[in-house]
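Participant: could you look at this predicted model? Sequence included:
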Amino acid sequence: MLLIHCPYCDDTLPELEFAYAGEAHIARPADPSKLSDEEWRDFLFIRTNVKGVHAERWRHIHGCGRFFNALRDTVSDRFLTTYKAGEARPDVQTLEAAE
Amino acid sequence: MNAPVTNFDAVTVTVLPPVARFNLRIAPADLAVASKALDLSLPTRIGQGSQQGDRAAYCIGPDEWLLHAAEEEQQAIAAAFDKVRTETPHSLVVISDREVTIGISGPAAVDLLSVACPLDLSRIPVGGAKRTVFDYAQVTLIRDGEDAFRLEVWRSYVPHVQGLLDVATRELAAGL
């Protein structure tokens, strides 16, 4: 079972308490009616689907209830870090240097 | 209510009598106001609890607390929070009837809970509480002692949770 660190609870807890919530850092357009159909399609459906480090949202649904973001390697399924919603995506190089 | 009790030497599972329960959402900066209204200082860290007489408070989210009190104090507490409503915005929801408390105690309590609870139970401090899952049901797990726990389960999940606990207790008793 994956163990996930919740940045709000500041605790590492079993995966069963969490729910996956898609790719992170996708901002809703400020004025949706100005968008072309293609741009709107991209916003709704087009995701990066990276092989490697992926920024994604998780929700600690059976715990504190908060959404937060995580960097996970989609190849090894290893969590590099988790951070609170609203914070900028941490730089992977800095993270690896810190380890 | 007839309280069903499952018992063998190493663990006892009991449905506990009802208490007044509240779910409080308030900005952490306003915590002093809530502590005054409840007459009990509220814990600040998720997982921690504080207790005094019949009253108890457990922090289960960054701005969320579970409050317990004697059943007859429910009105008084709701009124006390109502008085500070205009100055301090918050939400206090009475959830007394939403949940049923199941008490689990005895040397095998941790073994019994670990049947369906994925948490590392040894890391929950005595007097603390955590919202987690029991099988698929969301529960609040409160630790009263080294081998004494309370499970707060939503009413509609109780037959499922109790059934699992019953089977697991018998398996433990049979030495499986």
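Facilitator: Good, I have the coordinates.
Participant: CA only for contacts and neighbour counts going forward, please
Facilitator: OK.
Participant: how about the residues of chain B near chain A?
Facilitator: Residues of chain B that fall close to chain A, judged by CA under 8 Å from any CA of the partner chain: B:45-47, B:60-62, B:64, B:118-119, B:130-133, B:138.
Participant: go through those and flag which are in strands.
Facilitator: B:60, B:61, B:64, B:130, B:131, B:132, B:133, B:138 (DSSP state E).
Participant: what is the least confident helix or strand in chain A?
Facilitator: helix A:92-98 (a mean of 78; mean pLDDT, DSSP states H and E).
Participant: can you list the weak-confidence ranges in chain A?
Facilitator: A:99 (pLDDT under 70).
Participant: that one: strands as residue ranges?
Facilitator: Under DSSP E, chain A gives strands at A:3-6, A:11-14, A:19-23, A:53-59, A:67-73, A:79-84.
Participant: quick check, the fifth one touching chain B?
Facilitator: Looking back up the chat, that one is strand A:67-73. No: contact of strand A:67-73 with chain B (CA under 8 Å from any CA) is absent, the minimum separation being 11.7 Å.
Participant: could you give the angle of that strand to strand A:19-23?
Facilitator: Angle between the axes of strand A:67-73 and strand A:19-23 is 70 degrees (criterion: axes from the mean of the first three to the mean of the last three CA atoms, to 10 degrees).
Participant: tell me the buried residues in strand A:67-73?
Facilitator: A:67, A:68, A:69, A:70, A:71, A:72, A:73 (16 or more other CA atoms under 10 Å in any protein chain shown).
Participant: cool, and the first one?
Facilitator: Under the neighbour-count criterion of 16+ other CA under 10 Å, strand A:3-6 has A:4, A:5, A:6 buried.
Participant: biggest helix in chain A, by residue count?
Facilitator: In chain A, taking DSSP state H as the definition, the longest helix is helix A:37-45.
Participant: who's in contact with that helix?
Facilitator: Identification of contacts with helix A:37-45 by CA atoms under 8 Å, 6 or more residues apart in numbering or on different chains yields A:26, A:28, A:32.
Participant: just the CA coordinates for that helix, please, in CSV.
Facilitator: Coordinates of each C-alpha in helix A:37-45 appear next as CSV, following Å, rounded to 0.1, in the frame of the first residue of the first chain:
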residue,chain,number,x,y,z
ASP,A,37,-13.9,25.7,-28.8
GLU,A,38,-10.4,24.2,-29.2
GLU,A,39,-9.0,26.1,-26.2
TRP,A,40,-12.0,25.0,-24.1
ARG,A,41,-11.6,21.4,-25.2
ASP,A,42,-7.9,21.7,-24.2
PHE,A,43,-8.9,23.0,-20.8
LEU,A,44,-11.5,20.3,-20.2
PHE,A,45,-9.9,17.2,-21.6
